[in-house]
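*Asks:* Provided below for reference: sequence and predicted model.
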Amino acid sequence: MCVNDLESTRHFYKNIIGVEERRASQSSVHFNFYGCQLTFHEMKGYSAKSVQKKVEAEDVPVPHFGAALTFGEFENTKERLIAHGIKFIKQPHLRFIGKGHEQYVMFIKDPSGHGIEIKSFTKVSVGTWA
C-alpha cells in the first residue's frame, strides 16, 4: 500500500496500534499485522482518500482493511487508541446484535487516510468468519 510519509506511518502502526515492525528500507516498511504481512511504500503527496458507504445499515470508510481480534486484544487496542488521542471514524460499539456475526467494532484512519476496521466477534472464534 502507498503512504505519504513513512515515519508517521511507522509511528502509527508500531507505537499506537502496537504491531511489530519486521523489516524496512529507505522507502518501505513491513509489519506483522495480527499475523498478516502489511507493507507500505512511501509516495510523497499520496492520500488514501476514502468515502463513507452504507454497509449493512452502517456508514463505514470504503475501502478499508482490518483485523478480527480476541475481545482482550480489541479492548487493549481501543485503550491504546484512546490514550494516543486517535479520532474514531466509528466509535467502538457492538453491532449485528443477536446475529451469527455479532461483533464489537471500531473504525479509524491511519496518517495517509487508509480506513481500518478492528473487530472482535462475540459468537465465533477468532479466525472464523461468519
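*Replies:* All right, it came through fine. Numbers count the residues shown, from 1 in each chain.
*Asks:* for Val19, phi and psi?
*Replies:* Here is the backbone geometry of Val19 (degrees, to the nearest 10): phi -90, psi 160.
*Asks:* count the residues that sit near the closest residue to it other than its chain neighbours.
*Replies:* Computed as C-beta to C-beta, 6 or more residues apart in numbering, the closest residue to Val19 that is not its neighbour in sequence is Phe31, at 4.9 Å. For the C-beta atoms, the positions are set from N, CA and C on the backbone; glycine is no exception. The burial count assigned to Phe31 is 21, neighbours taken as other C-beta atoms under 10 Å.
*Asks:* same thing with Gln91?
*Replies:* Counted with other C-beta under 10 Å, the neighbours of Gln91 add up to 10.
*Asks:* next one: the one 5 residues further on
*Replies:* Close neighbours of Phe96, defined as other C-beta under 10 Å, add up to 17.
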